[in-house]
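Trainee: Build me a structure from this.
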Amino acid sequence: MAVVELRNVSKVYDNKLKVVSDVNLTINDKEFVVLVGPSGCGKSTTLRMIAGLEEITEGQIYIDDQLINDISPKERDIAMVFQNYALYPHMTVYENMAFGLKLRKFSKEDIKQRVNDAAKILDLEKYLDRKPKALSGGQRQRVAVGRAIVRKPKVFLFDEPLSNLDAKLRVQMRTEISKLHQKLEATMIYVTHDQTEAMTMGDRIVVMKDGIVNQVDTPMNLYNKPINQFVAGFIGSPAMNFLKGEVIKKDAIKLIVNKEIQLTIPSKFNSVLSKNLGKEITMGIRPEDISSTNDLNNVEFQKLKILVDVVEPMGNETFIYFNIDKKQFIVRVPSSNNYKAGEESDVFFNAGKAFYFDDEGNSLY
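Mentor: Residues are numbered from 1 along each chain as shown. Okay, here's the model as predicted:
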């Protein structure tokens, strides 16, 4: 397949709006890389520049050491799968998958072989004579993927391909695309705003905000070692909770949120937080690291009394919502817990698993 390299790539529109800023990124051969971030962060624009559908304002893009800035999309040897499928309604599944090959003057025998091979991989063999209107959303998306597969391109590009599907189909299709990557051993670049898709599919994830790459790493490193508060809050579902406070030292280093809430910071963070005495920092803590009990009497657990706002039973677990210092917090606890909306209760912060950020949102460790 191929190595894709972006060197100082930027995109500026005529109104001087800079939507992608100085992106440096290498996607390795056979790697599955996911670009993720909120709407308007520049991820789709970056993908479209790789495809040749958007002009590059600054920088260079290479595929296998070949500069492709001025090469037309059809000559870049890439295949793109769009959000809206883009199937021809008057053509059968077979004709949709074969259309691009016909334009490239492939022989009938070669076209038939490639379409049948792709249909077998995607379990579309019995649908080849149907037209798109006779297919479900998931089947249409598989046809769109099949149309890309028959090309046997160097690079596959996916632009939010699952966003039009219902929740159950999204789960099924992301599994199928992951399996497809393993079968084809292809270089794939995938854009999504859904961090669950990113975490479950990508070998590496590129987290973007406001056109800037914030962090590129494996899913678990992003989860366990976020470089800043934005990445920490974006990766993980439900999202990380954040709490601001001043760092002081009494008998131990504490985070003073207000008169009622003064959290003792575990000693393992002393070397980092002692440099921030008197400063305001932000503690980040994931919903799964706030517990309903402290059965093991862990000294890192900080007890807080809360007023329960909302209780959301999810089956095997329950989400509990409450406010601290006018900020909403969420806890995920076993479904056996008996929290009730409107009642006071206790929760325990595992401060040993918390994250700490400076006033600019950068990780302190």
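Trainee: From now on I want contacts and neighbour counts done on CA atoms only, so please keep to that.
Mentor: Will do.
Trainee: Contact partners for residue 247?
Mentor: 253, 254, 255, 256, 273, 276, 277, 278, 279, 280, 281 (C-alpha atoms under 8 Å, 6 or more residues apart in numbering).
Trainee: in the top strand by length along the chain, what counts as buried?
Mentor: Using DSSP state E, we find that the single longest strand of the chain is strand 301-313. Neighbour counts over strand 301-313 (16 or more other C-alpha atoms under 10 Å) mark 301, 302, 303, 306, 307, 308, 309, 311 as buried.
Trainee: Do a quick rundown of the helices in this protein.
Mentor: Remark: helices assigned in the chain by DSSP state H are 43-51, 93-103, 108-121, 137-149, 167-184, 195-201, 219-224, 229-234, 270-273.
Trainee: Throw these into CSV and include distance to residue 15, mean pLDDT and mean neighbour count, thanks.
Mentor: Below are the helices of the chain laid out as CSV (distance: least, C-alpha to C-alpha, whole Å; pLDDT from 0 to 100; neighbours: other C-alpha atoms under 10 Å):
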stretch, distance to residue 15, mean pLDDT, mean neighbour count
helix 43-51, 16, 96, 23
helix 93-103, 36, 93, 20
helix 108-121, 43, 93, 18
helix 137-149, 34, 90, 23
helix 167-184, 36, 88, 14
helix 195-201, 30, 93, 19
helix 219-224, 34, 96, 17
helix 229-234, 27, 96, 21
helix 270-273, 44, 89, 16
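Trainee: Relative to residue 324, which of these is closest?
Mentor: Using C-alpha to C-alpha as the criterion, the shortest distance between residue 324 and those is 17.1 Å, found for helix 229-234.
Trainee: okay, that closest one in CSV with CA atoms only?
Mentor: Extracted in CSV, the C-alpha atoms of helix 229-234 (Å, rounded to 0.1, in the frame of the first residue of the first chain):
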residue,chain,number,x,y,z
GLN,A,229,-7.5,19.5,28.8
PHE,A,230,-9.2,19.5,25.4
VAL,A,231,-7.9,16.0,24.5
ALA,A,232,-8.8,14.8,28.0
GLY,A,233,-12.3,16.0,27.7
PHE,A,234,-12.9,14.8,24.2
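Trainee: Return the closest of the buried residues of strand 301-313 with respect to residue 72.
Mentor: residue 311 (54.4 Å).
Trainee: Can you measure across stretch 70-88, start residue to end residue?
Mentor: Using C-alpha to C-alpha, to the nearest Å, one end of stretch 70-88 lies 29 Å from the other.
Trainee: first vs last residue of stretch 352-364, how far apart are they?
Mentor: By C-alpha to C-alpha, the extent of stretch 352-364 from end to end equals 14 Å.
Trainee: list the contacts for the residue nearest to residue 226 when sequence neighbours are not counted?
Mentor: Distance criterion C-alpha to C-alpha, 6 or more residues apart in numbering; nearest residue to residue 226, sequence neighbours excluded, is residue 232 at 5.2 Å. Contacts for residue 232 (C-alpha under 8 Å, 6+ apart) come out as 222, 223, 226, 240, 284.
Trainee: again, but for residue 6
Mentor: Contacts for residue 6 (C-alpha under 8 Å, 6+ apart) come out as 23, 24, 25, 26, 59, 60, 61, 62.
Trainee: Generate the PyMOL command that creates a selection of the buried members of those residues.
Mentor: A single PyMOL command suffices to select whichever of the contacts of residue 6 are buried according to 16+ other C-alpha under 10 Å:
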select buried, resi 23+24+25+59+60+61+62
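Trainee: re the thing from before, can you add distance to residue 73 and give the helices of the chain back as TSV?
Mentor: Formatted as TSV, the helices of the chain follow (distance: least, C-alpha to C-alpha, whole Å):
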stretch	distance to residue 73
helix 43-51	6
helix 93-103	13
helix 108-121	21
helix 137-149	14
helix 167-184	22
helix 195-201	26
helix 219-224	31
helix 229-234	32
helix 270-273	50
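Trainee: With residue 362 as the reference, measure out to the residue nearest to residue 226.
Mentor: Here residue 232 is placed at a distance of 10 Å from residue 362 (C-alpha to C-alpha).
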